[in-house]
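**Q** Mind looking at a prediction? Sequence and model below.
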Amino acid sequence: MREPSFEELFRVADLFGVEPGHLLSPNTLIPLGHSLQVRGRVEAGAWAVAYEYAQDDMLTFTGRADIDVDPKHRFGLMVRGDSMDEMYPEGTILECVSVFAGIEPAPGKRVIMVRKNLDGDVEATVKELVERDGDLWAVPRSSNPAHFPFKVGEPQPGITEVQIIAVVVASIRQE
């Protein structure tokens, strides 16, 4: 077993929301976040019909301990697709906080967006918000050139409504 470097110690302490010295004490308790559910899947960048798992099929995971939001406004989504693969490979679990909890979807944040098409289908995606010349854009972070950014709020053919419903606050990737 090896001793962690100072950088590793500070990174782990920050992750758990504790002082680095607390990690060196043999009696330290590290706070855990709430148990949250992976409610469904989201296409990374491409729009796809929103899919919610049946209650019995929902996975659980431990959310971040430092997020001070009512757990009813927190949930997980499983990433499908390749248009955010530079950040979220397929299978990544995204920890999300609903905008109804008062969290602001600001430039630099990754967000969950939904849109309704003329048939009434609800589609969902994850994108990164970027400000360009005073406009807000939804940008894929992909190795696939087929995915492209779009201006938030700009009308889209066949789409009746587009909303940002949540902000991504963490991701869990499989090794």
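**A** All right, it came through fine. Numbering: from 1, shown residues only.
**Q** Pass me the low-pLDDT residue ranges in the chain, would you?
**A** Filtered on pLDDT under 70, the chain yields the residue ranges 1, 16, 22, 25-31, 45, 175.
**Q** hey, which helix is longest across it?
**A** Counting residues, the longest helix found in the chain (DSSP state H) is helix 6-16.
**Q** and the gap between Arg34 and Gly63?
**A** Rather than Arg, residue 34 is His. Computed with C-beta to C-beta, to the nearest Å, the distance linking His34 and Gly63 is 5 Å. Where C-beta positions appear, they are placed from N, C-alpha and C, glycine not excepted.
**Q** between those two, who's got more neighbours?
**A** Neighbour count, other C-beta atoms under 10 Å: between His34 and Gly63, Gly63 has more, with 24 against 15.
**Q** Helix, strand or coil: sort out Ile164 for me.
**A** The local conformation at Ile164, judged by DSSP: H, G, I helix; E, B strand; the rest coil, is strand.
**Q** Kindly report the same for Glu131.
**A** Of the three states, Glu131 takes strand according to three-state DSSP.
**Q** mind listing what the nearest residue to it once chain neighbours are set aside touches?
**A** Nearest non-adjacent residue to Glu131, counting by C-beta to C-beta, 6 or more residues apart in numbering: Pro107, 4.2 Å away. Going by C-beta atoms under 8 Å, 6 or more residues apart in numbering, Pro107 touches 129-131, 136.
**Q** same thing but at 10 Å, please
**A** With contact set as C-beta atoms under 10 Å, 6 or more residues apart in numbering, Pro107 has these partners: 128-132, 136-137.
**Q** And the strands in the protein, which stretches?
**A** Assigned by DSSP state E, the chain shows strands spanning 35-44, 48-49, 51-52, 59-62, 74-80, 93-98, 110-117, 122-132, 135-139, 150-151, 159-172.
**Q** Can you get me a residue count around Leu77?
**A** Applying other C-beta under 10 Å, we find 27 residues neighbouring Leu77.
**Q** Across the sheet, point out what pairs with it.
**A** Following DSSP bridges, Leu77 is listed with bridge partners Gly40, Leu94.
**Q** My read is that it contacts Arg41, right?
**A** Yes - counting by C-beta atoms under 10 Å, Arg41 is a contact partner of Leu77 at 6.3 Å.
**Q** what do those two both touch?
**A** Contacts common to Leu77 and Arg41, judged by C-beta under 10 Å, 6+ apart, are 50-53, 93-94, 124.
**Q** Perfect, that will be all.
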